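[1] below are the sequence and a predicted model; questions follow.
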Amino acid sequence: MFSRLRGDFPILDARIGKSPLSYLDSGATSQKPQCVIDTFVEYYQQRNSAVHRGAHSLAVEATDAFENGRIAVAGLVGGDAEQVCWTKNATEALNIVALGIDRASHGFGGEAAERFALSPADSIVITEMEHHANLVPWQQLAASTGAQLRWLPVTDAGELDLSRLTDIVDETTKVLAFTHVSNVLGTVNPVQRLVARAREVGAYVVLDACQSVPHMPVDFTDLDVDFAAFSAHKALGPTGLGVLWGRPGLLDALPPVLTGGSMITSVSMEESGFMPAPQRFEAGTQPVAEVAAFATAVGYLAEVGLEEIFDHERQLARILLDGIAEIPGIRVLGDAETRIGTVAFDVDGVHAHDVGQYLDSQGVAVRVGHHCAQPLHRRFGVTASTRASTYLYNNAEDCRRFLSALAEVRPFFGVAAEGA
Ligand code: PLP
């Protein structure tokens, strides 16, 4: 099945110079199947209108497309459609939670919001492997409320070090925010164990699901998290669309940070009332074509099967890891047992940017730099790495082309002799 679906992605026929394209940068953004591109175009050709307001036929069709997207996403990640709030991306979704807690801590939102309020006696816990999107907003929240920011360290194997879990997540902890899957190491984190500890101390759990939802079966209700965030563009959907998922009671109590049209119950010159979720967090005109296209992407993923995608990528990861182990002078960051097809590594004697440029000259697209995870890179003693990340459209041939180009990198830059 996986070899067949490659043809659904027109961009994979592109050539980079004289080479065919091997796209191994899906951790940054995924490619889109033709059906998703078609839905986007058809929306503007046939259904474009303002949602929730108009009494005319097009407005009804646009509203249906918008609300059906919510139903599709709830089908993918669990819960009801009302638990799915549209945002610009995962970064915005995570900021909405952190800034909402910040507002609650400063007296906004009334009694319902009081449960979120943080003070200097409280702590927020994150991990050393977070993407900056799930790190900087919590630093800001700590600075604004005086709460202490703590983090779970990472082992040499690239897994969370949980040996001091009960010390780090203690009775002062009000928020435990962590990534389901590392965007650098590919490590799948033990959500159940972390959620269990959060429940023991009464902390809210915020899950960054950017790298899990596109690659494996995920059900936020089963995982028992309070809030979760991910981006459509990493899951075959368009850019400009993210999801904030939350528990119904909690979403309705969290103060909104973006206010204005489409999210109010009534407005006087003195004050305003806010709608419950999801509209509460959807101020202003929404990305309707993006939602319609993402619904198609979700249908496509469901048809292929998330379990099958996870298995497929694990096989590709094995090929990548075994192949890299044969090439002298390359250190893979982390070696987690449970992982997706994302592999980051350091090439001895060659800067990651040079590695990326050489691979590109052979048609192999990878990501280089700190991948928005500077503390994690520091933990492994590097400032930058090269990352190959797979998705459902990759095959063994992509891995082979990547490995043979990678084997040429150190000889090409004249450093083969020293490190071999
Ligand atoms: N969290 C993780 C783990 C990611 O990999 C990314 C994107 O790379 C993000 C958050 C941020 O996603 P976005 O830039 O779409 O908001």
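    Received the coordinates, thanks. A quick note: this is a predicted structure, and the numbers were derived from the prediction, not measured.
[2] contacts, neighbours, all on C-alpha from now
    Fine.
[3] can you list the residues of the stretch 251-400 of the chain near the ligand?
    Within the stretch 251-400 of the chain, no position is near the ligand by C-alpha under 6 Å from any ligand atom.
[4] all helices for the stretch 251-400 of the chain, in order.
    288-304, 306-325, 352-361, 374-379, 396-412 (DSSP state H, counting those that start in this stretch).
[5] so for residue 99, which of these sits nearest?
    helix 374-379 (22.5 Å; C-alpha to C-alpha).
[6] and the closest one, which residues are buried?
    Neighbour counts using 16 or more other C-alpha atoms under 10 Å place 374-377, 379 of helix 374-379 among the buried residues.
[7] re the thing from before, any chance of a markdown table for the helices of the stretch 251-400 of the chain, columns mean pLDDT and distance to residue 231?
    Compiled in a markdown table, the helices of the stretch 251-400 of the chain are given as follows (pLDDT from 0 to 100; distance: least, C-alpha to C-alpha, whole Å):
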| stretch | mean pLDDT | distance to residue 231 |
| --- | --- | --- |
| helix 288-304 | 98 | 10 |
| helix 306-325 | 97 | 16 |
| helix 352-361 | 98 | 25 |
| helix 374-379 | 98 | 21 |
| helix 396-412 | 98 | 25 |
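[8] any chance of TSV for the ones you listed, columns distance to residue 232?
    As requested, those are exported to TSV (distance: least, C-alpha to C-alpha, whole Å):
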stretch	distance to residue 232
helix 288-304	7
helix 306-325	15
helix 352-361	26
helix 374-379	24
helix 396-412	24
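[9] out of those helices, deepest packed?
    helix 288-304 (a mean of 22; mean count of other C-alpha atoms under 10 Å).
[10] tell me what it is packed against?
    helix 34-42, helix 57-77 (3 or more C-alpha pairs under 8 Å, 6 or more residues apart in numbering; DSSP states H and E).
[11] and the helix or strand following the longest one, how far from the chain's centre?
    Reading on from helix 57-77 to the C-terminus, the next helix or strand found by DSSP states H and E is strand 84-87. Remark: strand 84-87 is offset 14 Å from the chain centroid, using C-alpha atoms, centre = their mean, to the nearest Å.
[12] stretch 150-170 now?
    For stretch 150-170 - counting by C-alpha atoms, centre = their mean - the centre lies 21 Å from the chain centre.
[13] hey, C-alpha coordinates of it in PDB?
    The C-alpha atoms that make up stretch 150-170 are tabulated as PDB, following Å, rounded to 0.1, in the frame of the first residue of the first chain:
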ATOM      1  CA  ARG A 150      11.400  23.000  36.500                       C
ATOM      2  CA  TRP A 151      12.300  20.300  34.000                       C
ATOM      3  CA  LEU A 152      12.800  16.600  33.600                       C
ATOM      4  CA  PRO A 153      16.200  15.900  32.300                       C
ATOM      5  CA  VAL A 154      17.100  13.600  29.300                       C
ATOM      6  CA  THR A 155      19.300  10.500  29.400                       C
ATOM      7  CA  ASP A 156      22.100   9.700  27.000                       C
ATOM      8  CA  ALA A 157      19.700   7.300  25.300                       C
ATOM      9  CA  GLY A 158      17.400  10.300  24.500                       C
ATOM     10  CA  GLU A 159      14.700   9.300  26.900                       C
ATOM     11  CA  LEU A 160      13.200  11.200  29.800                       C
ATOM     12  CA  ASP A 161      15.100  10.600  33.000                       C
ATOM     13  CA  LEU A 162      12.200   9.800  35.400                       C
ATOM     14  CA  SER A 163      14.400   8.700  38.300                       C
ATOM     15  CA  ARG A 164      13.500  12.000  40.100                       C
ATOM     16  CA  LEU A 165      10.000  12.300  38.800                       C
ATOM     17  CA  THR A 166       8.400  12.400  42.200                       C
ATOM     18  CA  ASP A 167      10.800  15.100  43.400                       C
ATOM     19  CA  ILE A 168      10.500  17.300  40.300                       C
ATOM     20  CA  VAL A 169       6.700  16.900  39.900                       C
ATOM     21  CA  ASP A 170       5.500  17.500  43.500                       C
END
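[14] do you know the pLDDT at the closest residue to residue 267 other than its chain neighbours?
    Excluding the flanking residues, the one nearest residue 267 by C-alpha to C-alpha, 6 or more residues apart in numbering is residue 273, at 6.6 Å. In this model, residue 273 is scored at 97, pLDDT.
[15] beta-bridge partners for residue 273, please?
    residue 266 (DSSP bridges).
[16] got a list of what it touches?
    Neighbour list for residue 273: 264-267 [criterion: C-alpha atoms under 8 Å, 6 or more residues apart in numbering].
[17] do the same with residue 179
    129-131, 134, 189, 207-210.
[18] among those, which pair sits farthest apart?
    134 and 189 (14.8 Å).
[19] might one say that residue 170 is in contact with residue 194?
    No. Using C-alpha atoms under 8 Å, residue 170 is not in contact with residue 194; the gap is 12.0 Å.
[20] quick one: the residue nearest to residue 112 when sequence neighbours are not counted from residue 274, how far?
    Nearest non-adjacent residue to residue 112, counting by C-alpha to C-alpha, 6+ apart: residue 253, 5.1 Å away. Look at residue 253 and residue 274: by C-alpha to C-alpha, to the nearest Å, they are 10 Å apart.
[21] do the same with residue 394
    45 Å.
[22] from the contacts of residue 179, which land in strands?
    207-208 (DSSP state E).
[23] near the ligand too, which of the contacts of residue 179?
    Counting by C-alpha under 6 Å from any ligand atom, the members of those near the ligand are 131, 208, 210.
[24] list buried residues within those.
    Using 16+ other C-alpha under 10 Å, the buried members of those are 131, 208, 210.
[25] and the residues you listed as CSV, adding distance to residue 302 and pLDDT?
    Below are those laid out as CSV (distance: C-alpha to C-alpha, whole Å; pLDDT from 0 to 100):
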residue, distance to residue 302, pLDDT
131, 27, 98
208, 21, 98
210, 17, 98
